[in-house]
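**Student:** Starting from these lines, generate the structure:
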Amino acid sequence: MSKINQGISSIKTFVEEVKVELIKCAWPTRKELLGQSLVVIVAVIILGAFVGLCDVINVNLLGLIIR
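**Tutor:** I've put the predicted structure just below:
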């Protein structure tokens, strides 16, 4: 029974420490969050277009080589 109590006590201590650490975190403002999200979305679109372009080029080159 003492092992169960130790486990529950450990979990409680962990949760309390997590709460304390989350209070210390510097959370972004709504404006910062939206700006950073926009940067990520634009970067993903650009990277996706680049990978798609490379894929089209490689397919066409392989098509020329295989013929």
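**Student:** Ile11: which element?
**Tutor:** helix 2-24 (DSSP states H and E).
**Student:** Which positions within that helix qualify as buried?
**Tutor:** When neighbours are counted by 16 or more other CB atoms under 10 Å, no buried residue of helix 2-24 is found. Any C-beta I mention is one placed from the backbone N, CA and C, and that applies to glycine too.
**Student:** The residue nearest the centre of the chain: which element?
**Tutor:** By CA atoms, centre = their mean, the chain has its centre lying nearest to Val40, at 10.3 Å. Element membership for Val40 (DSSP H and E) is helix 30-66.
**Student:** Show me what that helix is packed up against.
**Tutor:** Helix 30-66 is packed against no helix or strand, with contacts defined by 3 or more CB pairs under 8 Å, 6 or more residues apart in numbering; DSSP states H and E.
**Student:** any idea of the mean pLDDT for that helix?
**Tutor:** Mean pLDDT, computed over helix 30-66, is 97.
**Student:** Give me the distance from it to the chain's centre.
**Tutor:** Averaging C-alpha positions (CA atoms, centre = their mean, to the nearest Å) puts helix 30-66 17 Å from its chain's average.
**Student:** just stretch 2-9 next, same as before
**Tutor:** Distance, centroid of stretch 2-9 to centroid of chain: 34 Å (CA atoms, centre = their mean).
**Student:** what sits against the residue nearest to the centre of the chain?
**Tutor:** Residues near Val40 by CB atoms under 8 Å, 6 or more residues apart in numbering: none.
**Student:** next one: Gln36
**Tutor:** Taking CB under 8 Å, 6+ apart as the test, what Gln36 contacts is Pro28.
**Student:** next one: Asn5
**Tutor:** Per CB under 8 Å, 6+ apart, neighbours of Asn5: none.
**Student:** How about Lys31?
**Tutor:** So Lys31 contacts nothing (CB under 8 Å, 6+ apart).
**Student:** What distance do you get for Lys31 to Leu22?
**Tutor:** Computed with CB to CB, to the nearest Å, the distance linking Lys31 and Leu22 is 21 Å.
**Student:** should've said Glu16
**Tutor:** For Glu16 relative to Leu22 (CB to CB), the value is 11 Å.
**Student:** One more: Val40?
**Tutor:** 23 Å.
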